[in-house]
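Peer 1: Mind folding the following:
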Amino acid sequence: NEVCEKVGVPRSSFYYHYNTIRDVLEEIEKDFIKELSKSLSVLEINGLEEKERYLKSLEASLPVIKTYEQFIKTVVVERQDLSFMTRWAKLIAEQTRIAQQDFLKEQTLAFTTIFSIADMLNSNIPLAKIKGETIYKTSGHLYELKKELLEL
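Peer 2: Residues are numbered from 1 along each chain as shown. This next block holds a predicted model:
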């Protein structure tokens, strides 16, 4: 009811196209992943250092993230949908190969990027203020901590 009221459509119209709210979220998620994949797949990152690959991929992602800002707030911040975050992290890792030979670092960078963006969106920090350098440093520190814990 709440969704139908917010978008101004009768419930019958909603249920004609979807069975559940989850169906709507899945469709938006597919569109988000497709758009993000498209923006990352055209990057020229071969031969770049890890940090430059990371910053370039973040820069290419931000317009798509801005378009899907409310969806990301809903799915990542409010619902904490781990399956969506995992698919997003996998896409980041596959498309950018941020840490080419280090799977742990690649995953840490990808997930920390998502959590940092979600935290900024949740705090109502404009995307224009997101500093790739800051997210990269945070990810690097987290990676070092994870490595240290694994060695214990």
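Peer 1: how about the residue most central in space within the chain, what does it touch?
Peer 2: Taking CA atoms, centre = their mean, the centroid of the chain lies closest to Ile114, which sits 4.5 Å from it. By CB atoms under 8 Å, 6 or more residues apart in numbering, the residues touching Ile114 are Val76, Met85, Trp88, Ala89, Ile92. C-betas here are computed from N, CA, C, even on glycine.
Peer 1: Same question for Ser139.
Peer 2: Contacts of Ser139 by CB under 8 Å, 6+ apart are Tyr54, Thr108, Leu109, Thr112, Thr113, Ser116.
Peer 1: By mean pLDDT, point me to the weakest helix or strand of this protein.
Peer 2: In the chain, the helix or strand scored least confidently by mean pLDDT, DSSP states H and E is helix 2-7, which has a mean of 78.
Peer 1: Skip ahead from that one and say which helix or strand is next.
Peer 2: helix 11-17 (DSSP states H and E).
Peer 1: buried stuff in whichever helix or strand comes after that following helix?
Peer 2: As assigned by DSSP H and E, the chain's next helix or strand after helix 11-17 is helix 21-41. By neighbour count, with 16 or more other CB atoms under 10 Å as the criterion, the buried positions of helix 21-41 are Leu25, Ile28, Glu29, Phe32, Ile33, Glu35, Leu36, Ser39, Leu40.
Peer 1: Please report how far the residue nearest to Tyr18 when sequence neighbours are not counted lies from Phe103.
Peer 2: Leaving out its chain neighbours, the residue that sits closest to Tyr18 by CB to CB, 6 or more residues apart in numbering is Val24, at 5.3 Å. Using CB to CB, to the nearest Å, Val24 is found at 34 Å from Phe103.
Peer 1: For the residue lying farthest from the centre of the chain, list the residues it contacts.
Peer 2: For the chain, the largest distance from the centre (CA atoms, centre = their mean) belongs to Ser12, which lies 32.5 Å off. Counting by CB under 8 Å, 6+ apart, Ser12 touches no other residue.
Peer 1: and stretch 23-30, C-alpha only, in CSV?
Peer 2: The C-alpha coordinates for stretch 23-30 follow below in CSV (Å, rounded to 0.1, in the frame of the first residue of the first chain):
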residue,chain,number,x,y,z
ASP,A,23,10.4,-8.4,-7.4
VAL,A,24,10.7,-4.6,-7.9
LEU,A,25,14.0,-4.5,-6.0
GLU,A,26,15.4,-7.3,-8.1
GLU,A,27,14.5,-5.5,-11.3
ILE,A,28,16.1,-2.3,-10.1
GLU,A,29,19.1,-4.3,-8.9
LYS,A,30,19.5,-5.9,-12.4
